[in-house]
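Colleague: Build me a model:
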Amino acid sequence: MALIFESLKRGPVKTRVADAVRNAIYAGKLRPGDPLLELQLAKDFEVSQTSVREALIHLEQLGLVRRVANKGTFVTELSPEQVRDRLEVRLKLEYMAAIRAVPRLTATDVARLHELADLIAATTSRKEYFLAAQYDLEFHRTLWRLSNSETLYQVLDQIAAPLFAFISIVRSSSRAGPIVLHSHHDIVNALEGGDANVIQSSLEYHFADSYDQFVAPQNARDAT
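Modeller: Predicted coordinates for the structure are as follows:
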């Protein structure tokens with residue numbers, strides 16, 4: 001088996017392969033943009049190519065890899081321009097989702113969002129960046145669901161999942177700067193208040209503090 005991968009543990013084959021590839025990504029053994037060849041992975045893990053394909057589909061759903069028609073599968077990589085474009089679209093759509101969510105917000109929803117915000121902070125402080133990204137994505141998915149718009153949810157999920165995954169990979173490599181932990185609670189408080197301007201400001205603040213360092217060109221980040 002290739003040395004970049006851990007030995008497969010017990011459980012369904014596709015799950016074990018997905019976990020091994022994911023761990024290699026977060027250990028820095030696979031870098032953003034690296035190709036993932038199904039046939040080679042099948043040989044490395046001594047499993048069927050079908051199991052590998054199912055594992056890669058699962059990783060694609062998590063945003064950790066991207067499958068390109070007629071080219072193959074690659075570890076997710078986004079340029080500063082791609083991050084910026086996704087954020088611009090996401091901000092507009094997430095604001096729409098938030099405004100629609102306000103009249104549907106219940107005390108249970110508020111408690112769940114605050115709980116997820118706490119989990120994001122706790123896992124980030126322990127440098128468990130993959131888990132933190134999953135809690136972060138679930139926080140925003142919860143907000144999108146509250147919009148009661150399947151279209152908004154689907155479009156936002158398509159835009160955001162690779163964004164969360166890529167940034168968590170970069171953070172795991174220790175190349176990212178300080179991580180903002182409090183602005184998730186600010187979003188929940190803004191939703192409770194129901195003021196559209198405050199909601200807009202809370203989202204803009206959250207996006208700026210969380211993502212500005214990833215929008216700057218690579219050479220500018222390296223110079224700081």
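Colleague: Let me know the distance separating Gln158 from His182.
Modeller: The gap separating Gln158 from His182 is 28 Å, by C-beta to C-beta, to the nearest Å. Yep, even glycine has a C-beta here, placed from its N, CA and C like the rest.
Colleague: for Tyr95, same thing?
Modeller: According to C-beta to C-beta, Tyr95 stands 20 Å off from His182.
Colleague: who's more crowded, those two?
Modeller: Using other C-beta atoms under 10 Å as the criterion, Tyr95 and His182 rank with Tyr95 on top: 16 against 10.
Colleague: Would you tell me what helix or strand that one is located in?
Modeller: Assigned by DSSP states H and E, Tyr95 belongs to helix 80-101.
Colleague: How far does that helix sit from its chain's centre?
Modeller: Taking the mean C-alpha point of helix 80-101 and that of its whole chain, the gap between them comes to 14 Å (C-alpha atoms, centre = their mean, to the nearest Å).
Colleague: buried set for that helix?
Modeller: Residues of helix 80-101 classed as buried: 83-84, 86-87, 90-91, 93-95, 97-98, 100-101 (neighbour count, 16 or more other C-beta atoms under 10 Å).
Colleague: what's the closest of those residues to Ser168?
Modeller: Val83 (13.0 Å; C-beta to C-beta).
Colleague: Which pLDDT value does the model give the closest residue to the closest one other than its chain neighbours?
Modeller: What sits nearest to Val83 in space, not counting adjacent residues and going by C-beta to C-beta, 6 or more residues apart in numbering, is Phe214, at 4.9 Å. Among the per-residue scores, Phe214 holds a pLDDT of 80.
Colleague: host element of Phe214?
Modeller: Phe214 is part of helix 196-215 when elements are defined by DSSP H and E.
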